[in-house]
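Asks: got a predicted structure here, sequence first:
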Amino acid sequence: MTTKKIRNMEDFALATGISRPTISKYFNDPGSVRRSTREKIERALSEFDYRPNMFAVNMNRQKSKNIGVIVPSLSDPFYAEIVRQIEIMSLREGYWAINLSSHGEQSLEAKAIETFLALKLSGAIIAALGYESDLSLIDGLGRNMPLVFLDSRIANTLPFVGTDNTQSISLIVEYLCRTGEQPVFLEMPALNSNAASRREAYQAAMTRLGLEPRVLPVQDKSWNFEQVGFDETNRILDAGGFPTRTVLCANDRLAFGVMAAAYQRGLRVGRKQDADLRVAAHDDHPLSRYTCPALTTVAQDYSQLARSCLDLLLDRIGDTAQTLAPRSNSPLTLLETKLMMRDSA
């Protein structure tokens, strides 16, 4: 052995006298080489203090073990938790997840897609922005690798995993009507398919109960939902107040803004008789249980969302010859939610 600086696997092979294919075999699966060879490689790794660039190794494989994940915002705990789950599950399956965020901007989502096109990925999971997404870019990505859509569906020809909004909204509407005044619905900005799906689910649930749906529209198309909820609540209160004492928000982040505005106006939020307002929402955002009062909502199954996405993607990766062609009957996985009864409604 020498003290020569080891820069890559070729240098390492020369220094150890072990063939490059055997070393590659070791890094792919240490148990696949003979014990004596494995021990020799491990002694040399320690002596030379050499750590291979496993990302580069992975990229050079005939079949990459890297998958891509794009979400609208990694700072949003909802997406951060799903990404965390996908990353952990991917590692257990022998894959490395490359996570990128569009930060709510079309141009950054396009750059993330172009980055994935430049990388040798096995496939990708995409929580798209929605109506502002560049469909031609996504279509191009889908012609190069297996894709699975998460949370917001923008193409019927590719697999999708999301929440059953009809079930979830019906669950919370029925609870609110059973326990107090009927809810008005503060819809989310029209950014993706969830906005229309949840609004329509609310209208259908109210009609089924023989009640008049009351939708409070928002004009803002920002991903800053807390600010949207805060501003809309102040506007509504300035105009005379909500039509009823119960507000159902299309997502939890809107509800955070609603409760903050109500607090600043001296309104009491809660389910007690002396409260001025009941507030409920959808998602069970990781921070929902820590609001004051804790937010009543319906809980999406974060772990199952991640597991279903990864299972679908790995199935498609294993069947690449057939998966890159669009399918009219692509899998549609809609998960049910659970009611989380807390103090806000």
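Replies: Alright, I've got the coordinates.

Asks: show me where the protein has its helices.
Replies: 9-16, 20-28, 35-48, 54-60, 77-92, 106-118, 135-144, 165-179, 193-208, 225-238, 252-264, 302-317, 320-323 (DSSP state H).

Asks: shouldn't residue 158 be in contact with residue 148?
Replies: Yes: counting by C-beta atoms under 8 Å, residue 158 does reach residue 148; the two are 7.1 Å apart. The way it works is simple: take the backbone N, C-alpha and C, and place the C-beta from them, glycine included.

Asks: check contacts around the residue most central in space within the chain.
Replies: In the chain, the centroid-proximal residue (C-alpha atoms, centre = their mean) is residue 79; its distance is 4.1 Å. Residue 79 makes contact with 71, 72, 73, 101, 127 under the criterion C-beta atoms under 8 Å, 6 or more residues apart in numbering.

Asks: ok, the third one - how many residues close by?
Replies: Pointing back at residue 73 there. Using other C-beta atoms under 10 Å, the number of residues around residue 73 comes to 16.

Asks: same check, this time on the last one
Replies: Using other C-beta under 10 Å, residue 127 is surrounded by 25 other residues.

Asks: who touches it in this structure?
Replies: When contacts are counted by C-beta under 8 Å, 6+ apart, residue 127 touches 70, 71, 72, 79, 82, 149, 150, 151, 152.

Asks: quick one: the residue nearest to residue 45 when sequence neighbours are not counted from residue 90, how far?
Replies: In this structure, residue 45 finds its nearest non-sequential neighbour in residue 51, 7.6 Å apart by C-beta to C-beta, 6 or more residues apart in numbering. For residue 51, the distance to residue 90 equals 21 Å [C-beta to C-beta, to the nearest Å].

Asks: ok, now residue 196?
Replies: Applying C-beta to C-beta to residue 196 and residue 90 gives a distance of 31 Å.

Asks: of those two, who's got more company?
Replies: Counting neighbours by other C-beta under 10 Å for residue 196 and for residue 90 shows that residue 90 has the greater number, 22 against 14.

Asks: surely that one touches residue 84?
Replies: No: contact status for residue 90 versus residue 84: not in contact, 10.8 Å apart, counting by C-beta under 8 Å.

Asks: distance of residue 104 relative to residue 276?
Replies: For residue 104, the distance to residue 276 (C-beta to C-beta) stands at 32 Å.

Asks: and these two? Which one has more around it.
Replies: Using other C-beta under 10 Å, the more surrounded residue of residue 104 and residue 276 is residue 104, with 17 against 14.

Asks: quick one, grab the pLDDT at that one.
Replies: The model reports residue 104 with a pLDDT of 90.

Asks: neighbours of the closest residue to it other than its chain neighbours, just the number please.
Replies: Of all residues not flanking residue 104 in the chain, residue 223 sits nearest, at 3.6 Å (C-beta to C-beta, 6+ apart). Applying other C-beta under 10 Å, we find 19 residues neighbouring residue 223.

Asks: tell me how far the residue nearest to the centre of the chain lies from residue 262.
Replies: Applying C-beta to C-beta, the value for residue 79 to residue 262 is 27 Å.

Asks: now the terminal residues of stretch 235-247, how far apart.
Replies: Terminal residues of stretch 235-247 are spaced 15 Å apart (C-alpha to C-alpha, to the nearest Å).

Asks: and the gap between the residue nearest to the centre of the chain and residue 299?
Replies: 16 Å.

Asks: now swap in residue 99 and tell me
Replies: For residue 99, the distance to residue 299 (C-beta to C-beta) stands at 23 Å.

Asks: ok, now residue 280?
Replies: For residue 280, the distance to residue 299 (C-beta to C-beta) stands at 12 Å.

Asks: still on that earlier bit, highest mean neighbour count out of the helices of the chain?
Replies: Of all those, helix 252-264 carries the top mean neighbour count, a mean of 23, counting by mean count of other C-beta atoms under 10 Å.

Asks: list the contacts of the residue nearest to residue 104.
Replies: If you count contacts by C-beta under 8 Å, 6+ apart, residue 223 has them with 72, 73, 104, 189, 191.

Asks: turn these into TSV, including distance to residue 316.
Replies: As requested, the contacts of residue 223 are exported to TSV (distance: C-beta to C-beta, whole Å):
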residue	distance to residue 316
72	23
73	26
104	28
189	32
191	27
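
Asks: burial count for the residue nearest to residue 45?
Replies: Number of residues near residue 51 (other C-beta under 10 Å) recorded here: 8.

Asks: pLDDT at the residue found closest to residue 162 once you drop the neighbours it is linked to in the chain, what is it?
Replies: In this structure, residue 162 finds its nearest non-sequential neighbour in residue 151, 5.4 Å apart by C-beta to C-beta, 6+ apart. Residue 151 carries a pLDDT score of 93 in this model.
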